[in-house]
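Novice: Kindly return the folded structure for what I paste below:
(one chain, ligands or ions: 2)
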Amino acid sequence: MKTKTPSALPRVVFCLLLLFLAGCGPVEKGEENEPVGGYHEAILTHAPEVPPPTGYTTTQKVIVRMEVVEKVMRLADGVDYTFWTFGGKVPGQFVRVREGDMVEFYLDNHPDNKLPHNIDLHAVTGPGGGAEASMTAPGHTTQFTFKALNPGLYVYHCATAPVGMHIANGMYGLILVEPREGLPEVDKEFYIMQSEFYTKEDFGTPGVTSFDMQKALDENPDYVVFNGSVGANMGDQAMQVNVGETVRLYVGNIGPSLVSSFHVIGEIFDKVYVEGGTLVNENVQSTAIPAGGSAIIEFKCEVPGTLTVVDHSVFRAFNKGAIAQIHVNGEENVAVFTGKQKDAVYLPEGSAVQSITPAAEDKPVPERSFNERMELGKILYEGNCAACHQKNGQGLPGAFPPVAGSDYLMARTDKGAGIILFGLSGEIHVNGVAYDGIMPRMMLSDDEIANVLTYVRNTWGNQGDLVSAAEVAAVRAKGE
Ligand code: HEC
Ligand SMILES: [Cu+2]
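Specialist: Ligands and ions are numbered 1, 2, ... in the order given. Reported below is the predicted structural model:
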């Protein structure tokens, strides 16, 4: 150990000076007068698409132009809503820039609109996130510029009073500020935004509906959805990936009230950029996304199948619409997942078979018209059956038999009531194809079963007749 010499103090001062100078280097966040290396117009995309990585390494001036449009669109099948939008769809377009970029933002308010609007981007360092600077009357356009100082995934939304109402009507989206070094490369990227709708009529009521202030104040939404409507990314609109690919989800939750317990059924998040920031958590099942917050999620798809994206506050998923699908296409990988390998009857000694089927209703249910049963049946089908038999009734090869054009269903003397009341298992043949799966019994009332069967037996080319609640009750009374 050396002894202390009188020259130690000046050396320490010199080192501190060096540290201070390094701290003011050109790549430090907060640098205001960075040279701009070029300018271009941002590529904007509608959900679930994401613009490609920025790919540049110098600071750019990026022009972003967004148009506010008020218009009636689909909220659910048979349900329309007067949305207020950024870019004509809900959620608004995805914006992608790089840390340090100067963003020149233009907001156009279409002349046919009734109201002034503005934008608060959480990526902005400045008053109101740009809200005051972008307040725009119908038929006007405004412009302001901000520097994207902090990397991360940020929500944007309209902040015109009453703010809650502008948000609840659809005015929100995401802006990604890539870190200077970019994000690691992945195979597929998607944009998912969760939001709530508070409507005058209850969930699924056909017609054009509109905003209900009391339900909003009670934080009791009728709809909780991904990407602006019920089923926006289900079935044919599902996100498509391949086995072996790494997927990155940019997920935002605008609320306006609820915190999302974001989860993907059948996957584990290899990485979560917590709250859309820089901190990465690993091996996560569900991640909390606050109202006005986000998360970046990555996972590798090792096996084929359908991944179901949900808010794990699960009534929101299966009863209010917070559900989407990712189809993973490719070869089975039994080293990771085998599928069902065995299914035998289990009868413990001395046990009676338990049933939780509700008892037959005591009082007869009033019968309904054919059209009424068709309408109600469609909603029941989509909520209870479509997950397996698919929205178009085609089923899934090798797993769920088709109910569209099913000779098996149409030949049954109970019109199918027994299948729904008691479930179905063992080998069956539908249009000459063998299926050997298990359909669970469904906890539906006689009236509801009559509705869903009337719908199934008279849709997709099926030629059936009305199924009455009395017919279902008779099957229930006879037992399995
Ligand atoms: C969890 C998945 C699942 C759900 C939900 C489900 N089913 Fe099924 N369903 C099946 C499977 C699997 C079979 C085949 C059972 C077998 O192989 O014995 C089947 C068979 C059937 C059949 C007979 C075969 C055919 O294709 O005609 C009908 C009819 C049917 N389901 C109707 C419905 C209706 C209506 C609902 C909603 C009320 C429903 N299912 C909900 C999985 C499901
Ligand atoms: Cu607005």
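Novice: Which residue would be the closest one in the stretch 1-150 of the chain to ligand 1?
Specialist: Sorted by distance to ligand 1 under C-beta to the nearest ligand atom, the residues of the stretch 1-150 of the chain start with Asp77, at 16.0 Å. Using the backbone N, CA and C atoms, a C-beta is placed for each residue, glycine as well.
Novice: so what's that residue up against?
Specialist: For Asp77, the contact set (C-beta atoms under 8 Å, 6 or more residues apart in numbering) comprises Val230, Gly231, Lys378, Ile379, Glu382.
Novice: Next, the buried residues of the helix or strand where Trp84 lies.
Specialist: Here Trp84 sits within strand 79-86, counting by DSSP states H and E. Within strand 79-86, the residues that count as buried by 16 or more other C-beta atoms under 10 Å are Val79, Asp80, Tyr81, Phe83, Trp84, Thr85, Phe86.
Novice: Thr328: neighbour count?
Specialist: One correction, residue 328 is Val, not Thr. Val328 has 21 neighbours, counted by other C-beta atoms under 10 Å.
Novice: just Thr57 next, same as before
Specialist: As a burial measure, Thr57 scores 11 neighbours (other C-beta under 10 Å).
Novice: now swap in Leu153 and tell me
Specialist: Using other C-beta under 10 Å: Leu153 sits among 25 other residues.
Novice: hang on, it packs against Leu249?
Specialist: No: no contact is recorded between Leu153 and Leu249 when judged using C-beta atoms under 8 Å, the distance being 10.2 Å.
Novice: who touches both of these two?
Specialist: In terms of C-beta under 8 Å, 6+ apart, Leu153 and Leu249 are both contacted by the residues Ile296.
Novice: Quick check: Asp447 is in a helix.
Specialist: Yes: the assignment for Asp447 by DSSP: H, G, I helix; E, B strand; the rest coil puts it in a helix.
Novice: Tell me which stretches of the stretch 251-400 of the chain form helices.
Specialist: In the stretch 251-400 of the chain, the segments counted as helices under DSSP state H, counting those that start in this stretch are 315-320, 370-384, 386-389.
Novice: need the residues of the stretch 251-400 of the chain near ligand 1, please.
Specialist: Residues of the stretch 251-400 of the chain lying close to ligand 1 (C-beta under 6 Å from any ligand atom) are Asn384, Cys385, Ala387, Cys388, His389, Phe400.
Novice: Try it again at 8 Å.
Specialist: Leu380, Tyr381, Asn384, Cys385, Ala387, Cys388, His389, Gly395, Ala399, Phe400 (C-beta under 8 Å from any ligand atom).
Novice: Contacts only, for the fifth one.
Specialist: Applying C-beta under 8 Å, 6+ apart, one finds that Ala387 lies in contact with Thr308.
Novice: Next one: it from ligand 2, what distance?
Specialist: Distance, Ala387 to ligand 2, by C-beta to the ion, to the nearest Å: 35 Å.
Novice: Quick check, central residue of this protein?
Specialist: Closest residue to the average C-alpha location of the chain: Phe226 at 2.9 Å, with C-alpha atoms, centre = their mean.
Novice: what about the nearest residue to that residue once chain neighbours are set aside, neighbour count?
Specialist: Counting by C-beta to C-beta, 6 or more residues apart in numbering, Ala324 is the residue found nearest to Phe226 once chain neighbours are left out, at 4.5 Å. Each residue near Ala324 was counted by other C-beta under 10 Å, and the total is 25.
Novice: Could you do Ala322 as well?
Specialist: Neighbour count of Ala322, defined by other C-beta under 10 Å: 28.
Novice: Ramachandran coordinates for it?
Specialist: phi -80, psi 70 (degrees, to the nearest 10).
Novice: so where does Ile419 fall, helix or strand?
Specialist: Under the assignment given by DSSP H and E, the secondary-structure element containing Ile419 is helix 417-422.
Novice: The helix or strand just after that helix packs against which elements?
Specialist: Stepping forward along the backbone from helix 417-422, the first helix or strand reached (DSSP H and E) is strand 424-425. For strand 424-425, the elements it packs on are strand 438-439, judged by 3 or more C-beta pairs under 8 Å, 6 or more residues apart in numbering; DSSP states H and E.
Novice: Note down every partner strand of the strand it packs on and its orientation.
Specialist: If you go by DSSP bridges, strand 438-439 pairs up with strand 424-425 (antiparallel).
Novice: Not counting the partner strand itself, show me its contacts.
Specialist: Asp343, Gly418, Gly437, Ile438, Met439.
Novice: So which elements touch the longest strand anywhere in the chain?
Specialist: Within the chain, and with DSSP state E defining each element, the longest strand by residue count is strand 61-76. Of the remaining helices and strands, those touching strand 61-76 by 3+ C-beta pairs under 8 Å, 6+ apart are strand 39-41, strand 79-86, strand 95-98, strand 102-109, strand 223-226.
Novice: The same query, at a cut-off of 7 Å, please.
Specialist: strand 39-41, strand 79-86, strand 102-109 (3 or more C-beta pairs under 7 Å, 6 or more residues apart in numbering; DSSP states H and E).
Novice: right, and these - which one's nearest ligand 2?
Specialist: If you check each of the helices and strands packed on strand 61-76 against ligand 2 by C-beta to the ion, strand 79-86 wins as the nearest, at 5.4 Å.
Novice: And for Val241, nearest residue in space, chain neighbours not counted?
Specialist: Distances taken as C-beta to C-beta, 6+ apart place Lys188 nearest to Val241, at 4.9 Å, with adjacent residues excluded.
Novice: which residues touch that neighbour?
Specialist: Val241, Glu245, Val247 (C-beta atoms under 7 Å, 6 or more residues apart in numbering).
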